[in-house]
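[1] Sequence first, then the predicted structure, then my questions.
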Amino acid sequence: MKKSFFLFAIVLLTCFTLFLPIHAKLNIYFLDVGQGDASIIISPTGEVVLIDSGPSKNVILKYLENLKIDHIDLVIASHAHADHITGMDEIIAKYQPRAFIDPGIAHTTKTYESMINALIENDVNYYEGTSRKITLGNIQLTILPPAEPLISQSELNNNSTVIRLDYQNFSCLYTGDIEKERERELCSRVDSLLDVDILKVPHHGSSSSSTPAFIKTVTPDIAIISCGEENSYDHPHDEVLALYYNLDIDIYRTDQHGTILVQTDGSNYTIQTETDAPRAPPVKVEETKKDVSSEYKYAASKKSKVFHYIDCSSVKKISPGNLILFKTREEAVASGRRPCKRCNP
Amino acid sequence: MIKYIIDRFENDWAIIETSKDPIITFNLPKNLLPREAKEGDVLNIRFTINKEETLKRKNAIQIKLNSLKKQDKGNDITL
């Protein structure tokens, strides 16, 4: 009798240790959706938030299915561009979220119109991204809207819904595609709310954003860049990577690391990635502008895992924006790359 | 004047290259081009803004968004 009770206790304990960490922790997924943004937040008490849905309906629906998401409590669209809201219509119809938030600025595209139609047809509670707090179990989201809508060339980007996520001592900042003007506005108005552990880097790491003043206010430990492999816009831009690197901020990229999972108990956090991408230092911008032929003997594309002698025929095919140079073979190897089989450096 | 030249076709896409440095390439859906278009052809491309249609879509979609905004009381949310 005693023995079977002991056995029962062990089984119970095992169950607890297996399930407790999953449920007692906040899980944040930055999904590898290609060139776009999508993130899923699962609170320690099981509430689910979707922030953006990326550029592909099939990809986001597959992620939701694979992660066994059976309900979504809150959907947030950072802004109306298609690389952030594609598939929202189907997600809204399928998951019937309890609330939906966006910046409240309309767009004329079919993708945006379909999202709005789905909200109306499914009678979803709509909230504009004005200044307010959202409580989901034991996590809190704070919307940090602009004082006035910013009107510029990048109106939709700059008015992205900016969200601060707090769980006990852990914090994370979502920035959509905000650009310099909005970063400046945030720093001047709500700078005390910007200091977080993890920053979702604005606008896929574009040089339109990530001004030094903003990054130094946010002072994140980790910067997460959501972008597609070999995207046409060369996101993330070298000068942005260099800035984070020089400030000793660890960079994780969905194009290199795949989906990134941040798990936290409210005080410590861990980061798991789909792939083990090398954390190569970014190309130093000023060095690529010099005549480099004499100093640098090795070269690689930032998109490739292979390095070459600088005169290898493959180097000529690398676009200037992607070219990384190394003075020594050691440097090239340390970047996580292997020698080219053709020029055998 | 920049010329737009069909470099090649990839599946349903035509890859267009510009004639001046810096060369820019971009994809166009093949079905937007004349059926007889082939690689090497120079295309006439001229875009204009359809202001009337833009305004029509803007107004129609704004009406829908306004109907959603009406239900928002500006309160904090507990889910």
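    Thanks, I have it. Numbers count the residues shown, from 1 in each chain, chains lettered A, B, ... in the order given.
[2] part of a helix, is residue A:214?
    Yes: applying DSSP: H, G, I helix; E, B strand; the rest coil, one finds residue A:214 inside a helix.
[3] Would you mind measuring from it to chain B?
    Distance, residue A:214 to chain B, using Cβ to the nearest Cβ, to the nearest Å: 27 Å. Yep, even glycine has a C-beta here, placed from its N, CA and C like the rest.
[4] And for that residue, the neighbour number?
    Close neighbours of residue A:214, defined as other Cβ atoms under 10 Å in any protein chain shown, add up to 21.
[5] Now the phi/psi pair for the residue nearest to it when sequence neighbours are not counted, please.
    Spatially, and ignoring its direct neighbours in sequence, residue A:214 is nearest to residue A:183 (3.8 Å; Cβ to Cβ, 6 or more residues apart in numbering or on different chains). Main-chain dihedrals, residue A:183, degrees, to the nearest 10: phi -60, psi -40.
[6] Let me know whether residue A:183 touches residue A:213 as I believe.
    Yes: at 7.4 Å, residue A:183 counts as touching residue A:213 under the criterion of Cβ atoms under 8 Å.
[7] more neighbours, these two?
    Using other Cβ under 10 Å, the more surrounded residue of residue A:183 and residue A:213 is residue A:183, with 24 against 13.
[8] helix or strand for the spatially most central residue of chain B, which one?
    In chain B, the residue lying closest to the centroid (Cα atoms, centre = their mean) is residue B:28, at 9.3 Å. Assessed by DSSP states H and E, residue B:28 sits inside strand B:25-29.
[9] Could you list every helix and strand that that strand packs against?
    strand B:13-18 (3 or more Cβ pairs under 8 Å, 6 or more residues apart in numbering or on different chains; DSSP states H and E).
[10] near chain A at all, the strand it packs on?
    No: Strand B:13-18 does not reach chain A (Cβ under 8 Å from any Cβ of the partner chain); its nearest approach is 11.8 Å.
[11] Within the sheet, what are the partner strands of that strand, with directions?
    With DSSP bridges as the test, strand B:13-18 is paired with strand B:4-10 (antiparallel), strand B:25-29 (antiparallel).
[12] Of all these, which one is nearest residue B:41?
    strand B:4-10 (4.9 Å; Cβ to Cβ).
[13] Just the C-alpha atoms of the closest one, please, in CSV.
    Provided in CSV are the C-alpha atoms of strand B:4-10 (Å, rounded to 0.1, in the frame of the first residue of the first chain):
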residue,chain,number,x,y,z
TYR,B,4,12.4,48.2,-68.9
ILE,B,5,13.7,44.9,-70.4
ILE,B,6,12.4,41.4,-69.8
ASP,B,7,15.4,39.5,-68.6
ARG,B,8,13.7,36.1,-68.2
PHE,B,9,10.5,34.3,-67.0
GLU,B,10,10.4,32.3,-63.8
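[14] Residues touching it, excluding its own?
    Here strand B:4-10 makes contact (Cβ atoms under 8 Å, 6 or more residues apart in numbering or on different chains) with B:14-19, B:25, B:27, B:30, B:33, B:37-45.
[15] repeat for stretch B:64-77
    Stretch B:64-77 has contacts (Cβ under 8 Å, 6+ apart) with A:74, A:99, A:104, A:106, A:113, A:116-117, A:119-120, A:125-128, A:130, A:132-135.
[16] give me the subset of these touching chain B.
    Restricting the contacts of stretch B:64-77 to those adjacent to chain B (criterion: Cβ under 8 Å from any Cβ) gives A:74, A:99, A:104, A:106, A:113, A:116-117, A:119-120, A:125-128, A:130, A:132-135.
[17] Mind checking which of these land in helices?
    Taking DSSP state H, the ones among these that sit in helices are A:113, A:116, A:117, A:119, A:120.
[18] how about those residues in a markdown table, adding distance to residue A:86?
    As requested, those are exported to a markdown table (distance: Cβ to Cβ, whole Å):
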| residue | distance to residue A:86 |
| --- | --- |
| A:113 | 13 |
| A:116 | 14 |
| A:117 | 14 |
| A:119 | 15 |
| A:120 | 19 |
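[19] Buried only: go through these for me.
    For these, a burial check counting by 16 or more other Cβ atoms under 10 Å in any protein chain shown picks out A:113, A:116, A:117, A:119.
[20] okay, those residues in CSV with pLDDT next?
    Compiled in CSV, these are given as follows (pLDDT from 0 to 100):
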residue, pLDDT
A:113, 95
A:116, 98
A:117, 97
A:119, 98
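[21] Throw those into TSV and include distance to residue A:206, thanks.
    Formatted as TSV, those follow (distance: Cβ to Cβ, whole Å):
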residue	distance to residue A:206
A:113	26
A:116	27
A:117	30
A:119	29
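[22] Check those and tell me the two furthest apart.
    A:113 and A:119 (10.8 Å).
[23] A helix includes residue A:63, no?
    Yes: under three-state DSSP, residue A:63 falls within a helix.
[24] ok now do the nearest residue to it once chain neighbours are set aside, which residues does it touch?
    Nearest residue to residue A:63, sequence neighbours excluded (Cβ to Cβ, 6+ apart): residue A:31, at 5.3 Å. By Cβ under 8 Å, 6+ apart, the contact list for residue A:31 reads A:38, A:39, A:40, A:54, A:60, A:63, A:226, A:254, A:259.
[25] now the fifth one, what's its secondary structure?
    So the one you mean is residue A:60. Following three-state DSSP, residue A:60 is assigned to helix.
[26] Run a quick neighbour tally on it.
    24.
[27] Can you list the low-confidence ranges for the stretch 151-300 of chain A?
    Applying pLDDT under 70 to the stretch 151-300 of chain A flags the ranges A:277-294.
[28] Please, where are all the strands along it?
    Under the criterion DSSP state E, counting those that start in this stretch, the stretch 151-300 of chain A contains strands at A:163-167, A:170-174, A:198-200, A:222-225, A:250-253, A:260-264, A:269-273, A:298-301.
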